[in-house]
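# The amino acid sequence is not available; the structure is as follows:
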């Protein structure tokens with residue numbers, strides 16, 4: 001990557017963006033023999049409390065009572081089998097929820113039971129525990145049908161390791177750790193089967209065929225799947241594998257695997273999947289490093305690596321405020337941040353901003369209220385248990401959490417800027433082959449005092465179409481439903497070649513500006529020779545400014561500029577669009593009304609693929625404002641300003 005700094009202006013060449021950088025931080029620093037000599041033996045590995053007294057010493061009593069109460073509420077839960085018809089639903093209809101509702105619930109409830117039994121130690125949860133454990137072991141596949149191509153049914157002779165089979169392996173390890181001795185008293189075949197199933201479904205495939213998994217690639221970028229799976233492989237290995245040689249080998253192989261993710265990151269550690277996926281990507285990387293550090297008595301420790309520190313900082317750099325985060329690509333706009341994990345990560349890399357964010361998130365969103373409910377999609381189970389042990393470590397919250405005023409994450413080409421009055425803008429350049437991609441090169445979002453004004457709609461529900469050749473038939477993936485121009489009826493296209501060029505970031509005390517040429521992101525049939533977009537925060541005027549300058553092949557062109565919003569809309573004044581938030585903040589988009597036809601539509605949020613878009617925006621309808629001009633010559637320019645209306 002080439003960077004030239006000149007008079008506060010940063011020019012960046014991105015020919016290598018989305019390429020693999022062979023760093024191999026972990027495997028170069030730690031050999032297999034180093035792991036063999038430092039890893040704690042299975043019999044001595046005690047990362048969590050194992051008795052009521054130990055739990056009481058490390059976790060607040062109110063939390064322990066809540067854990068027991070949650071288990072009591074599930075005492076009549078039935079561990080339903082995953083039938084063939086349920087497994088086939090995905091390939092028959094594209095729906096993922098029927099299978100997930102059964103599979104995820106079983107795992108969440110089993111975790112409730114094993115924690116409550118460990119905390120209470122009265123034996124009253126053991127019967128549902130053995131039923132849940134046996135039911136999961138009886139499943140033909142521990143993952144989800146969407147992750148085994150188009151078969152629906154698994155080939156049991158060829159186990160596939162994916163996100164949720166790895167999650168289940170970690171749950172098996174936690175079950176053995178917390179209630180293993182009690183299982184032996186009921187029947188020693190329970191623990192034998194725990195290991196046998198985990199070894200057959202996860203350990204052996206990872207040792208013998210991991211190279212066949214795309215998320216383990218050494219030559220192509222990998223995404224959140226890699227660290228998420230590695231964290232669960234490490235946990236299940238540490239809790240279940242007694243053979244010293246195999247134990248060390250699998251831990252070291254997981255480190256080599258994690259290097260594939262670290263090699264996929266740019267120099268700034270940016271997550272191109274967005275902040276909500278950071279908790280699975282960067283957050284899971286930290287889970288791995290935390291377990292490796294603990295299991296090797298501090299031998300494996302790379303927290304001083306700049307890449308790890310920047311990867312951690314990404315989460316507060318993309319935090320808008322409250323529950324809102326920058327949501328380009330498939331990222332969700334609202335996330336209840338895992339404050340306890342963020343706090344630990346911040347402590348590990350000695351980042352005060354991250355420490356403050358973690359403490360703020362925990363105290364602001366009452367971690368007990370949100371996460372101890374153990375909802376039916378409670379992933380990252382090892383992290384959840386470690387979080388329990390973190391609560392008493394947090395200092396009293398002193399209401400200090402200073403968010404950065406200006407951010408530039410160069411490897412994912414994301415700029416953010418905020419003013420003291422609460423006005424906020426985020427924009428990005430990039431390309432249209434990012435992980436969880438939307439065709440959105442040059443898109444921007446605007447918030448004010450943590451309320452959305454101009455939005456990126458985010459994603460709907462995952463179905464079979466979401467990750468198929470039909471992905472870009474979904475409106476939320478299309479540039480036509482982002483804050484971008486439609487040119488001669490054409491939007492942007494998907495693919496690595498559809499990208500921003502001439503990307504420049506400029507920052508002074510009064511302005512933060514991202515400039516780019518987005519013409520290459522469009523279908524050639526759009527007839528664009530160049531389209532220079534400039535998105536800036538003008539602090540002296542307390543407004544956001546979008547300037548577009550375009551050159552076309554033809555002398556007769558049509559352009560539609562799109563603005564997406566959840567605000568109420570008033571267009572009575574010519575050349576001004578007034579947007580009012582639910583708390584009655586009002587903002588105005590000013591534009592030149594000459595030859596403009598204004599149209600407002602409301603994209604569908606009905607059906608299996610779109611319904612979640614309602615809750616993600618607090619049930620406010622998503623509006624699409626279109627400013628159309630079909631009298632555009634060969635050269636044209638547009639200016640839009642967004643400011644508060646008093």
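Perfect, thanks for sending it. Given the structure is predicted, the values throughout are model-derived calculations rather than measurements.
# buried stuff in stretch 76-92?
By neighbour count on 16 or more other Cβ atoms under 10 Å, the buried set for stretch 76-92 is 77, 79, 82, 86, 87, 89, 90, 91. Yep, even glycine has a C-beta here, placed from its N, CA and C like the rest.
# Now do the residue most central in space within the chain, the pLDDT please.
Residue closest to the average C-alpha location in the chain (Cα atoms, centre = their mean): residue 277, at 0.6 Å. Looking at residue 277, its pLDDT is 94.
# Wasn't it part of a helix?
Yes. Assessed with DSSP: H, G, I helix; E, B strand; the rest coil, residue 277 lies in a helix.
# Contact partners for it?
223, 224, 271, 330, 331, 435, 436 (Cβ atoms under 8 Å, 6 or more residues apart in numbering).
# Can you go through these and name the buried ones?
223, 224, 271, 330, 331, 435, 436.
# Just the mean pLDDT for stretch 532-549, thanks.
Stretch 532-549 comes out at a mean pLDDT of 98.
# what comes into contact with that stretch?
415, 417-419, 421, 423, 425, 427, 442, 444, 446, 485, 502, 509-518, 530-531, 550, 561, 636-644.
# Let's see which of those end up in helices.
The subset of those located in helices under the criterion DSSP state H is empty.
# Mark which of the residues you listed are buried, thanks.
Using 16+ other Cβ under 10 Å, the buried ones in these are 415, 417-419, 423, 425, 427, 442, 444, 446, 485, 502, 511-518, 531, 550, 561, 636, 638, 640, 642-644.
# so what's residue 340 up against?
Here residue 340 is in contact with 358, 362, 367, 387, 390, 391, 394 (criterion: Cβ under 8 Å, 6+ apart).
# Tell me which of the buried residues of stretch 76-92 fall in helices.
86, 87, 89, 90, 91.
# mind listing what the fourth one touches?
The reference is to residue 90. Residue 90 neighbours (Cβ under 8 Å, 6+ apart): 96, 99, 144, 145, 146, 152, 464.
# Now it: closest residue in space, sequence neighbours ignored.
residue 145 (4.0 Å; Cβ to Cβ, 6 or more residues apart in numbering).
# Now do that neighbour: how many residues are near it, please.
25 (other Cβ atoms under 10 Å).
# now do residue 205
Neighbours of residue 205 (other Cβ under 10 Å): 18.
# so where does it fall, helix or strand?
helix 204-209 (DSSP states H and E).
# mind listing what's buried in that helix?
Of the residues in helix 204-209, those buried (16+ other Cβ under 10 Å) are 205, 206.
# Work out the gap between the helix or strand just after it and the centre of the chain.
Once helix 204-209 ends, the next helix or strand along the chain (criterion: DSSP H and E) is helix 225-240. When C-alpha coordinates are averaged (Cα atoms, centre = their mean, to the nearest Å), helix 225-240 and its chain have centres 18 Å apart.
# Check stretch 202-219 too.
Relative to its chain's centre, stretch 202-219 lies at 22 Å (Cα atoms, centre = their mean).
# Mind listing residues that contact that stretch?
Against stretch 202-219 from outside (Cβ under 8 Å, 6+ apart): 20, 159-161, 165-166, 169, 220, 222-223, 225-226, 229, 233, 236-237, 241, 246, 249-250, 253, 257, 260, 263.
# how about 7 Å then?
20, 159, 161, 165-166, 169, 222, 225-226, 229, 233, 236, 250, 253, 257, 260 (Cβ atoms under 7 Å, 6 or more residues apart in numbering).
# Show me the strands in the stretch 251-400 of the chain, by range?
For the stretch 251-400 of the chain, the strands defined by DSSP state E, counting those that start in this stretch cover 319-321, 324-325.
# can you list those in a markdown table and add distance to residue 631?
Formatted as a markdown table, those follow (distance: least, Cβ to Cβ, whole Å):
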| stretch | distance to residue 631 |
| --- | --- |
| strand 319-321 | 37 |
| strand 324-325 | 38 |
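# The ones you listed: which one's closest to residue 129?
strand 324-325 (36.8 Å; Cβ to Cβ).
# Could you tell me how far that closest one lies from the centre of the chain?
12 Å.
# List the contacts of it.
Here strand 324-325 has contacts from 275, 276, 318, 319, 331, 333, 334, 335, 447, 450, 452, using Cβ under 7 Å, 6+ apart.
# what helix or strand is residue 412 on?
Going by DSSP H and E, residue 412 is not in any helix or strand.
# can I assume it is in contact with residue 269?
No. Here residue 412 does not reach residue 269: they are 9.4 Å apart, not a contact under Cβ atoms under 7 Å.
# tell me the domain ranges of the protein?
Structural domains assigned to the chain are 17-46+244-404, 48-212, 406-644, following automatic domain parsing.
# Select from those the stretch with the lowest mean pLDDT.
domain 17-46+244-404 (a mean of 93).
# Quick one: distance of that one to the chain centre.
On Cα atoms, centre = their mean, the centre of domain 17-46+244-404 falls 12 Å from the chain's centre.
# swap in stretch 234-247?
28 Å.
# Straight-line length of it, end to end?
9 Å (Cα to Cα, to the nearest Å).
# Name the residues of that stretch that are buried.
So, applying 16+ other Cβ under 10 Å, buried residues of stretch 234-247: 234, 235, 236, 237, 238, 239, 240, 241, 247.
# Export these to JSON lines and append columns for distance to residue 522.
Shown next, in JSON lines, are the buried residues of stretch 234-247 (distance: Cβ to Cβ, whole Å):
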{"residue": "234", "distance to residue 522": "44"}
{"residue": "235", "distance to residue 522": "46"}
{"residue": "236", "distance to residue 522": "47"}
{"residue": "237", "distance to residue 522": "48"}
{"residue": "238", "distance to residue 522": "50"}
{"residue": "239", "distance to residue 522": "52"}
{"residue": "240", "distance to residue 522": "52"}
{"residue": "241", "distance to residue 522": "53"}
{"residue": "247", "distance to residue 522": "53"}
